[in-house]
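Trainee: Can you look at this prediction? I've put the sequence above it.
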Amino acid sequence: MELFQAFTILIVLSALFGYVNERFLGLPNTIGLMLIALLMSLGIVIIGNFFPDLFEESSRLVKSINFSRVLMEMMLSFLLFAGALHVDVQTLAKERGPVLVFATFGVLISTFLIGGLMYAVLYALDMGMDFIYCLLFGALISPTDPIAVLAILKKANLPKQLEAKIAGESLFNDGIAVVVFLSVFNIAEKGLDEVGWGEIVWLFVEETGGGLGLGLALGYVGYRLLKTIDAYVVEVLITLAMVMGGYALASKLHFSGPLAVVVAGLMMSDRGRLLAMSDTTREYVDKFWEMVDEVLNATLFVLIGVEVLAIEFTVNYLWAGLIAAIVVLLSRFVAVGIPISLMRLRRNFIPNTLIILTWGGLRGGISVALALSLTEAMPRDVIVSMTYIVVVMSILLQGLSIEPLVKRVRPSSSLEMEPH
């Protein structure tokens with residue numbers, strides 16, 4: 001299918017489902033859209049038992065959309081920049097220690113824990129899979145999804161320090177997780193003997209260091225350009241060029257595009273919006289990126305909902321996915337619990353931080369995109385099925401309940417005290 005036709009269908013469905021949600025359901029927009037799309041897809045599956053041609057045509061239509069490419073190469077950069085642009089950078093700077101630990105060590109702990117547990121689970125279900133592929137599943141499902149997380153956080157009313165931790169971690173850990181995923185992917189594809197530790201370390205340094213450096217350069221150049229003019233149309237175009245040009249350049253240089261865009265967005269949020277924009281320009285830039293964020297979020301979650309038509313499910317896959325959802329949640333608890341326990345030696349955390357961080361760690365489209373990028377030579381079907389089930393359960397169950405959970409466990413004081 002032509003890209004324009006695919007995007008047209010997604011926009012039409014997003015508008016229709018958005019209206020139904022706003023008029024009748026009143027759910028958070030992203031969750032409502034995905035739920036309606038999912039119900040529509042399940043309806044097509046059921047009706048397809050009586051009208052096979054309907055299911056075949058719908059399935060063919062969805063399979064013709066390259067989910068992985070659409071998200072990773074087209075939508076992700078815009079969504080990450082829009083998310084970073086509205087992060088409270090001053091609060092994030094104070095929380096840089098926990099954010100860095102959660103986005104690195106937390107991802108690594110989660111990757112190996114999920115990989116090990118799912119290795120045992122799959123063998124217990126007579127679906128034995130090589131450990132390296134279980135580790136690959138751990139790598140792609142470990143990062144919390146910034147798109148899903150930031151969309152839900154808008155209405156959760158978290159204390160600022162805690163919101164900064166969750167938002168900051170979700171913005172940075174997908175860049176780190178993609179590097180981990182690529183490392184494990186190379187080992188799975190070529191074999192451990194063909195991929196040395198030096199190559200893995202260099203990949204991490206090149207992707208991460210290069211992405212951070214390029215992001216700083218993009219942010220600085222954008223800031224200097226905006227500071228010398230006062231023309232909101234041109235300034236909006238400059239921010240757009242930073243995102244599109246920066247992400248394309250990062251891909252060309254083999255740097256982490258997500259990290260580059262996040263850092264550039266944070267610089268625009270801090271220095272660009274406050275020191276280089278007039279009030280009029282700031283309003284137009286904010287409104288422009290807010291609309292980009294909302295429209296792309298809507299189409300992405302509709303796409304996640306209809307993607308069920310393109311995934312092969314069996315009873316064993318369903319059981320594996322349901323167990324994987326529990327394993328991922330438990331691993332998240334451990335992956336953030338260990339760093340928090342160690343960091344308590346030097347700083348105090350808001351009560352129930354561990355519970356909120358665990359439940360607020362939503363999985364989303366990035367995990368699905370990474371799973372769909374696997375080759376046919378790998379156990380792709382089972383990994384994609386498990387990933388999809390984990391993502392859907394995460395968004396629906398955790399996304400719908402995070403706000404009530406925060407209200408229930410949040411302390412009377414939202415201040416996080418630092419030791420003197």
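Mentor: All right, it came through fine. Residues are numbered from 1 along each chain as shown.

Trainee: make it CA atoms for all contacts and neighbour counts henceforth
Mentor: Fine.

Trainee: which SS state does the closest residue in space to Val89 that isn't next to it in sequence fall under?
Mentor: Setting aside the residues directly before and after it, Val89 is nearest to Asp270 in space (Cα to Cα, 6 or more residues apart in numbering), at 6.0 Å. Following DSSP: H, G, I helix; E, B strand; the rest coil, the label given to Asp270 is helix.

Trainee: mind listing what Asp270 touches?
Mentor: Asp88, Val89, Gln90 (Cα atoms under 8 Å, 6 or more residues apart in numbering).

Trainee: again, only using 10 Å
Mentor: By Cα atoms under 10 Å, 6 or more residues apart in numbering, the contact set of Asp270 is Ala84, Leu85, His86, Val87, Asp88, Val89, Gln90, Ala276.

Trainee: now do Met72
Mentor: Going by Cα under 10 Å, 6+ apart, Met72 touches Gly257, Pro258, Gly365, Ile366, Ala369, Leu370.

Trainee: What of Ala260?
Mentor: 77, 80-81, 172, 175, 207-219, 242-243, 246-247, 249-250 are the contacts of Ala260 under Cα under 10 Å, 6+ apart.

Trainee: What pLDDT does the model give it?
Mentor: pLDDT recorded at Ala260 is 94.

Trainee: tell me which element it is part of?
Mentor: helix 257-267 (DSSP states H and E).

Trainee: by contact count, what packs against the helix or strand that comes right after that helix?
Mentor: From helix 257-267 onward toward the C-terminus, using DSSP H and E, the following helix or strand is helix 273-275. Here helix 273-275 touches helix 210-227, helix 279-306, going by 3 or more Cα pairs under 10 Å, 6 or more residues apart in numbering; DSSP states H and E.

Trainee: what does the average pLDDT come to for the helix or strand that the last one is followed by?
Mentor: So that's helix 279-306. Remark: after helix 279-306, the chain's next helix or strand is helix 315-343, criterion DSSP H and E. Mean pLDDT, helix 315-343: 94.

Trainee: After helix 315-343, heading C-terminal, what element do we hit next?
Mentor: helix 353-359.

Trainee: Remind me what whichever helix or strand comes after that next one packs against, helices and strands.
Mentor: Beyond helix 353-359 on the C-terminal side, the first helix or strand identified by DSSP H and E is helix 365-372. Applying 3+ Cα pairs under 10 Å, 6+ apart, we find helix 365-372 packed against helix 67-69, helix 131-141, helix 146-153, helix 160-190, helix 279-306, helix 380-393.

Trainee: returning to what we had before: for the helices and strands packed on helix 273-275, state which one has the densest average packing.
Mentor: Of all the helices and strands packed on helix 273-275, helix 210-227 has the most neighbours on average by mean count of other Cα atoms under 10 Å, namely a mean of 21.

Trainee: quick check: angle from that helix to helix 257-267?
Mentor: Using axes from the mean of the first three to the mean of the last three Cα atoms, to 10 degrees, the inter-axis angle of helix 210-227 relative to helix 257-267 is 40 degrees.

Trainee: just how off-centre is helix 210-227 within its chain?
Mentor: Centroid separation for helix 210-227 versus its chain: 23 Å, with Cα atoms, centre = their mean, to the nearest Å.

Trainee: Restricting the selection to alpha carbons, write it to PDB.
Mentor: In PDB, the C-alpha atoms belonging to helix 210-227 read as follows (Å, rounded to 0.1, in the frame of the first residue of the first chain):
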ATOM      1  CA  GLY A 210      27.300  10.300  19.400                       C
ATOM      2  CA  GLY A 211      23.600  10.700  20.000                       C
ATOM      3  CA  LEU A 212      24.100  12.900  23.100                       C
ATOM      4  CA  GLY A 213      26.800  15.000  21.300                       C
ATOM      5  CA  LEU A 214      24.700  15.500  18.200                       C
ATOM      6  CA  GLY A 215      21.700  16.400  20.300                       C
ATOM      7  CA  LEU A 216      23.700  19.100  22.200                       C
ATOM      8  CA  ALA A 217      25.000  20.500  18.800                       C
ATOM      9  CA  LEU A 218      21.500  20.600  17.300                       C
ATOM     10  CA  GLY A 219      20.100  22.300  20.400                       C
ATOM     11  CA  TYR A 220      22.900  24.900  20.500                       C
ATOM     12  CA  VAL A 221      22.700  25.700  16.800                       C
ATOM     13  CA  GLY A 222      18.900  25.900  17.000                       C
ATOM     14  CA  TYR A 223      19.100  28.100  20.100                       C
ATOM     15  CA  ARG A 224      21.500  30.500  18.400                       C
ATOM     16  CA  LEU A 225      19.400  30.700  15.200                       C
ATOM     17  CA  LEU A 226      16.200  31.400  17.100                       C
ATOM     18  CA  LYS A 227      17.800  34.100  19.300                       C
END
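
Trainee: ok, and for whatever helix or strand comes next after it, which residues are buried?
Mentor: As assigned by DSSP H and E, the chain's next helix or strand after helix 210-227 is helix 232-253. Burial within helix 232-253, assessed by neighbour count using 16 or more other Cα atoms under 10 Å, is assigned to 232, 235-236, 238-240, 242-244, 246-251.

Trainee: Lowest-scoring secondary structure element of the chain by mean pLDDT?
Mentor: Scoring the helices and strands of the chain by mean pLDDT, DSSP states H and E places helix 146-153 at the bottom, with a mean of 72.

Trainee: Kindly calculate the angle that that one makes with helix 380-393.
Mentor: Per the same axes, to 10 degrees, the angle that helix 146-153 makes with helix 380-393 is 20 degrees.

Trainee: Quick one: list the elements packing against helix 146-153.
Mentor: Judged by 3+ Cα pairs under 10 Å, 6+ apart, the packing partners of helix 146-153 are helix 29-48, helix 76-85, helix 160-190, helix 279-306, helix 365-372, helix 399-409.

Trainee: Run the chain-centre distance for the third one.
Mentor: Translated: helix 160-190. Relative to its parent chain, helix 160-190 has a centroid offset of 9 Å by Cα atoms, centre = their mean.
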